[in-house]
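Visitor: Got a sequence here, can you build the structure:
(one chain, ligands or ions: 1)
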Amino acid sequence: MTSGPHIPQERRLVTAIPGPKSQEMLVRRSEAASTSLGMAIPVFVAKAGGGVIIDIDGNSIIDMAAGIATVNVGNSADRVVKNVMEQVQAFTHTCFTVAPYSGYVEVCEALNRLTPGSFKKKSVLVNSGAEAVENAVKIARAFTKRPAVVVFEHAYHGRTNLTMAMTAKNIPYKEGFGPFAPEIYRMPMAYPFRWVGDQENIAQEALEMVTHKIEKEIGAHNVAAIVIEPIQGEGGFVVPPIGFLPGLAAYAKAHGILFCADEVQTGFGRTGDFFAVNQENVEPDIMIIAKGIAGGLPLAAVTGRADVMDSAVPSGVGGTFGGNPVACAAALGTIATIEEEGLVAKAKAMGEIISKALESMKSKYAIVGDVRGRGAMQALEFVIPGTMEPNTQAMVDIVKYCQQKGVLLLTAGTYSNVIRLLPPLVMPDHLLIEALEILDEGIAASNAG
Ligand code: PLZ
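Guide: Below you'll find the model as predicted:
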């Protein structure tokens, strides 16, 4: 089976962005939906597939967001649609902890196979990335009988109470929502572009700072888990230098701490490896998985060492919708699509096109301070020329410019000065190249102004 996109793969604008029909819906949106909800592009979607989103005015927009790294296989991928249709007709919900079904078990088997580590693994399925993070912490505490959780600067782990505590950035994620859960300890992140120490020795310096703080401020014997995104997502696609993640994992192992990789944004082929930790052969005790797992249906998972995953009391984890049969069917279709269509290798190849284009932008434009990322997860950090000052205005202007030209881009970063690229892995090269050319034009316009 091929999952060729079912709509034309072209950028085509027939109205201004937003067009009249979207404008009408925007009025209804602001009346009906909370204004506390964000919006990256002010158009309403009619259809999407491959590398494009078609809005209700008929504009075909290049999708460099993939629903925040979620539709890695593209919207409405053939295998996902087929599995979902069959499952919807058979049954929609029994609750796995009431009357089980095979799709849930098959997804667990697939995750246990696909995640790194040759040890025996088991999984729990839930509904969202934040819920997966919450469950990882519950399980880690149950296993270690320790309270403390170590997280990092610039981290993003979700919007529930515990995961807000784990998330670094205050506005917009935490402002007004405290008090937050206790026993969360934030450590320095090895952020190469903004590292103030020895640029040649970042991983080692950062590791020393982290382990020193753990020992002096928490006590390693009190730490249940170290939770880290192998490449930080919302925090600005911060890529730690080689050696930092393996160093943390080794420290965790030596102290009976569980090493938990939050691969919610980096997983399912995104970085050119199936999971980002594969790059350095790190084998986390617990993997936190969501977004790309189910072709856009809500599903998330915690996969880890079997002894760890079995440590909560029976019925200690679960939930009504966790591992819903329709979402599981979608996940099986998604995994088959990634494997049969070689999308991990495709992400790596897209990465080469992207790096080349972004490096050229960096060499041409003084507002581009840094270019980083891997595979189909790369970003630009904007600065005031000649300084390290974050340039939020440039980010805003460039994203707006690209939107007007029919390219959807997402922003990121603790300092709100990063544009991140997260195209669906099935995007044809000609669209990727076109989007990068428009991004280049947008930077040129902003750099000049
Ligand atoms: N961990 C690493 O990236 C979700 C958030 C979008 P949920 N990131 C997108 C927004 O503004 O809410 C994310 C992540 C990492 C956890 C999460 C949380 O995943 O499925 O959004 O709960």
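
Visitor: Show me what from the protein comes close to the ligand.
Guide: 68, 128-130, 133, 156-159, 229, 233-234, 262, 264-265, 290 (C-beta under 6 Å from any ligand atom). The C-beta positions use only the backbone N, C-alpha and C, and glycine is treated the same way.

Visitor: Can you select the buried ones among the residues you listed for me in ChimeraX?
Guide: What follows is the ChimeraX syntax selecting those of the residues of the chain next to the ligand that are buried according to 16 or more other C-beta atoms under 10 Å:
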select :68,128,129,130,133,156,157,158,229,233,234,262,264,265,290
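
Visitor: Of the residues of the chain next to the ligand, just say which sits nearest to E280.
Guide: The shortest approach to E280 among the residues of the chain next to the ligand belongs to E229, at 14.0 Å (C-beta to C-beta).

Visitor: which parts of stretch 166-174 are buried?
Guide: For stretch 166-174, using 16+ other C-beta under 10 Å, the buried residues are 166-169, 173.

Visitor: first to last residue in it, what's the distance?
Guide: From its first residue to its last, stretch 166-174 covers 10 Å (C-alpha to C-alpha, to the nearest Å).

Visitor: same deal with stretch 309-324?
Guide: Terminal residues of stretch 309-324 are spaced 20 Å apart (C-alpha to C-alpha).

Visitor: where does the residue of the chain found nearest the ligand fall, phi/psi-wise?
Guide: Nearest residue of the chain to the ligand (C-beta to the nearest ligand atom) works out as G129 at 2.1 Å. As for G129, its main-chain torsions (degrees, to the nearest 10) stand at phi -60, psi -40.

Visitor: tell me the contacts of it?
Guide: G129 makes contact with 157-158, 262, 264, 288, 290-291, 300, according to C-beta atoms under 8 Å, 6 or more residues apart in numbering.

Visitor: shaky segments in the stretch 1-150 of the chain?
Guide: Where the stretch 1-150 of the chain drops to pLDDT under 70, the residues are 1-4.

Visitor: show me where it has helices.
Guide: Secondary structure of the stretch 1-150 of the chain, counting by DSSP state H, counting those that start in this stretch: helices at 20-32, 66-69, 78-90, 102-114, 129-144.

Visitor: circling back to that earlier point, between all of the buried residues of stretch 166-174, which two are separated the most?
Guide: Maximum pairwise distance in the buried residues of stretch 166-174, criterion C-beta to C-beta, is 11.3 Å, between M166 and K169.

Visitor: Now the common contact residues for those two.
Guide: If you check M166 and K169 against C-beta under 8 Å, 6+ apart, no residue is contacted by both.

Visitor: How is this protein partitioned into domains?
Guide: The record's domain parsing of the chain by automatic domain parsing lists 20-63+342-448, 78-340.

Visitor: Cool, thanks, signing off.
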